[in-house]
Structure formats: C-alpha cells, structure tokens
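Undergrad: only geometry, no sequence info:
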C-alpha cells in the first residue's frame, strides 16, 4: 500500500473542492501525533484528520472520531488559539511530494488580519505537523519538535525558519519533459532495477507506481536499466506519460484492492492499477473514503500493538512464572504423597538405636510394618547420630504432611491464576482500540498485577466499551465479549437465563451470547455463534475447535474468582472451524 505523492495530490484536490472557504470550528488532539479539525464548509461539517504517526501518517476527511483526552495537549491548545475561527484560504502540495500546506486566515492579539500555514509532512517516521507564520515562515510550534541532537540536517523548533525537505535532485514528474525522462534514465546506474528508477528519479512516485508503469509497458520490473532496448525505453516513457496525464488532468478514480481469499485490503490508489488485474478493485467517490476504509482498522491495530507490547511482556513473564510454580508444586505434591516411607524410616531407626553405629551411610532393618518382616535399607547422614537421623525423618514426614494440605489449596489457586493470565492475554489480542486496552490495564491494576503509572490515568466518566455485535443468518443477535470486563457484564448482567452461552472448551476465549427472545435457536445459528467463539479464542488458528454451549441459567460466578472466570454445567459441545466459510454469513453490526 502506498500513500505517495499522487495520492497526496488527489487528496489536496479533494481538500480544495470541499474545505477551501471553510471555517475551522474545533481542534482536537486525540493521539499524541494526530489531529482532528472540524471544518464548516459549504453548509456541511467535515472532520479533517491529520496524522504524523510513524506507522500510518496521513491526511484525509474522515467519518469517524475517537475519544478525546481528559485534558488537551499543549500543541492542541496552541492550535485552538491560532486557528479556531480561521478560514481555509488555500490548500497546496509542495511539488509532487507528500507535503500539504493549509493557508488559514485569522487575527492576532490586536485584531489585525494575519495568515498562518499548517504544514503536514507525510514522511514515515519523520512525519510532522507544523504551524508557522505565512509571511516569515517562522515556526510557531510542531506536533513533534526536532532538536539538533535528533537531526543535524533539519531542526523543527519554535522560532526557526521553516524549510522544505531536500528532494535530493529528483525531478517533479508532472513537469518533466521527454528529454528530462531520458536524461534521468541515462544518468541512473545501469544495475538498478527498472521499477526503482521511477521513485529514485521522480519525487512523489512510489515503488507501487514504478511496478505499475513496468506492468503497463510489459517489462519485468526487476530487470536492470542497462538491459533495456530502445523500444522498451519508449514503452516505459509512454506508460509514464499516461500516468502523468491522469494526474495533471485530475482524473482520479479512488479505489482499493482486496485479497479474494482473506478479504484483506492489499493496496489502494488514486486510479486503477492494472498490476492487480483490470477488474479486481472496488471504487469509491472520494479518496478520503478509500483512506478511511484502509486506515481506520489498520491504525487502531498498530496503536494497540505498540501500546500493549510492554504490558504483554509483563504478563507473559508472570504467566511463565506461574506455570513454573505449578510444575514445582506438582512435583512437591508427588513427593508429599510418598511421605509415609519417611515415617517408617524414623520408626525403624527409633526402635533400633542400640543396634546402629554412628558414621555409617545406610542400615538394613527389619520392617515390622511388613507382614513378612522384610528388610529395607534406610539411608543415613553420616554426620548425624542414629537418634538425630530418626528425628530428621520425623521432621521431614511432618513437613510433607503439612505441605500436602497447603499444596491441595495452592495448586488450584495457581491453576486459576494461569487461566486468568491466559484470558487476559487473549483479551489483549482481541482489543480493537486503545480504549479496550485501557480497560484491561485498569482491571490488572485492580487485581494487583501492575501499578498505576503517572501516564495512565483512569477516566471515571469513561463509558465502558461494548462487546461485538453480530446477526446470524437466521436473524438472531449474537454478542461477543472482547475482554474480562465485557465478558462479565455480558454474561452476568446483559444475558437472560434463557439465552444461549458459548465458550471454547478448556482454552481461553470470549464469552458469546445468543439472544433467544424465547425462540428455539436453529442449528445454523448455533454453528455460527460457535465459530465466533472459536475465532475470538486462543484456538483461532486451529482447524477443529471444541466449543461448549448451555443456557445462561447454567452459568455461575463462583465467589472470590477473578473477573471473567465462571463455571457451568449441562453443556453440549460443538466442533467448529474458526476459518470456515460460515463466518461470512454472519452480519457484523456497527453499534
């Protein structure tokens, strides 16, 4: 996938049509590197998303919003001061690069008219959003400050004069002539792959568009420049010119391409890419719609993955320790169950003290507990007297007897902790946004597994996230919890006693509820709900997953158990494949 200079140009074209002349009403900074600006233009409200995320930098008009932080960051407050009430006068792209400049009118502290530029640089880990004075180009501030110890080449700090990125002698493809194209081709190292030529010689081009031009020219993209014949160079220039013509004429057809098997989006662009086939793409009216579809789940997944990495490591360490602890406890239990032999050793030694010499390492004694009075060998500590050896065995017997009672209590507790930690790790895999991840963190703080840090502050007014909602092919509502808090509320509060409760057998997974509304649940709906239970479980990558189901009235919450853990009976079991085609028949409801 590629948010390159051509996609940027399509977005800028869209901004000029929809936002120029619009008034900025609100500014939010919902992530440390992301802004949402509310613009009222042409009788409609638009959500302008600007992101300097290292993984997913982007700019487009979105339909969605996120939860606002409890207090706005300093950069957000600064933007509100300078931009709210301002009018967007113009939106420009620098050359054909991934740099967008919004020119916004406003007033200063004295009421004098003034212009500000909001610059969005979409440059991977170097992405930034910069506010500066339009005339002087003096930087007022940026969402990421870049001091000299971070970059010796280009600093972004308040008070410095803004300068555009060095384009490394690349040409603007939209202004290049045929002569420019051939000169660039001749000056390129001969061992360079053909598709790489386009993004090394022309700014705003990506590897994707380089492969597309090669594909349209019927030339293997991995061939080297030196291997090209004259007629092949002509074909390359022809395909290059066709791409440039589409962009210069602003003839965009925003689209995205999905993998036919997995339904995963594998690419998107401002016009159809024949690299993926002539009909293998879905179109939308605007480039923003494509980007909203592509980035909404991708960005959320990436942010959750980043923010959960350290927590996942902590929990995995605790899980490993608990599993080692359980193994040790089981070994000790086996030893404690063999404690009677130590009492026999002690009694035999105590009864034969007069016969045993000090300093020997073992002794054979008749076992009066045995009907046949067979002799047994009793190991001795040569440093101890016979009497002390007897006392040593009495103490060991007593210790193991006490340990047996403790271990019978401790082993179920350790098993419960392992089950709980496995469920929490599963909840983190199921988390689709940062809000759900924060719920998991809050639960772990309450349970004493982690401490509340200064960075993590619970919002007491926060609304609890909702479980996933589906409708089966028979029209039954199915709900899937994604963390212990959702599971607890879904099973113990939301579900009615006649509803059907499902959960993967033995392995960690989500609670699933089928709302029956007094009706008999068809087998098809049971299969679909069981497939969802398997999909949102530790067995999601398996083929045959056992899923138990029973009426909710048979599900109980034992006292003093951790969140999300329940017991149940009167269950039946289905075996399902979480990757089955049956999943496609279930409709997901966006609540």
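TA: Here it is on my side, so go on. Predicted model, so just to flag it, every value in this text is computed and none were measured. Residues are numbered from 1 along each chain as shown.
Undergrad: mind checking the longest helix of this structure?
TA: helix 287-337 (DSSP state H).
Undergrad: Okay, angle between the helix or strand bottoming out on mean pLDDT in the chain and helix 287-337 too, please.
TA: For the chain, using mean pLDDT, DSSP states H and E, the weakest element among its helices and strands is helix 434-446, scoring a mean of 83. On the basis of axes from the mean of the first three to the mean of the last three C-alpha atoms, to 10 degrees, helix 434-446 is oriented at 20 degrees to helix 287-337.
Undergrad: Tell me the buried residues in the next helix or strand after helix 434-446?
TA: Using DSSP states H and E, the helix or strand that follows helix 434-446 in sequence is strand 468-471. In terms of neighbour count (16 or more other C-beta atoms under 10 Å), strand 468-471 has its buried residues at 468, 470. The way it works is simple: take the backbone N, C-alpha and C, and place the C-beta from them, glycine included.
Undergrad: Output the contacting helices and strands for strand 468-471.
TA: strand 477-480, strand 587-589 (3 or more C-beta pairs under 8 Å, 6 or more residues apart in numbering; DSSP states H and E).
Undergrad: chain center to the least confident helix or strand of the chain, what's the gap?
TA: Put simply, helix 434-446 sits 15 Å off its chain's centre (C-alpha atoms, centre = their mean, to the nearest Å).
Undergrad: Not counting that helix itself, show me its contacts.
TA: Residues outside helix 434-446 that contact it (C-beta atoms under 8 Å, 6 or more residues apart in numbering) are 67, 300, 303-304, 307-308, 311, 315, 424, 427-428, 430-431, 450-452, 456, 458, 462, 464-465, 482-486, 563.
Undergrad: Break this structure down into its domains, please.
TA: Using automatic domain parsing, the domain ranges for the chain come out as 5-142, 173-283, 305-463, 468-589.
Undergrad: For the residue sitting furthest away from the middle of the chain, which three-state class applies?
TA: For the chain, the largest distance from the centre (C-alpha atoms, centre = their mean) belongs to residue 354, which lies 73.7 Å off. The local conformation at residue 354, judged by DSSP: H, G, I helix; E, B strand; the rest coil, is helix.
Undergrad: And the pLDDT at it?
TA: pLDDT, residue 354: 84.
Undergrad: quick one: the residue nearest to residue 333 when sequence neighbours are not counted from residue 419, how far?
TA: Counting by C-beta to C-beta, 6 or more residues apart in numbering, residue 407 is the residue found nearest to residue 333 once chain neighbours are left out, at 4.6 Å. In this view, residue 407 and residue 419 are 18 Å apart by C-beta to C-beta, to the nearest Å.
Undergrad: Look at these two and report which has more neighbours.
TA: More crowded of residue 407 and residue 419, by other C-beta atoms under 10 Å: residue 407, with 21 against 18.
Undergrad: Would you agree the more buried one is in contact with residue 329?
TA: Yes. Between residue 407 and residue 329 a contact is recorded at 5.6 Å, counting by C-beta atoms under 8 Å.
Undergrad: ok so, going back, confidence-wise, which of the helices and strands packed on strand 468-471 is weakest overall?
TA: strand 587-589 (a mean of 89).
Undergrad: Determine the set of other helices and strands touching that strand.
TA: In terms of contacts (3+ C-beta pairs under 8 Å, 6+ apart), strand 587-589 is packed against strand 468-471.
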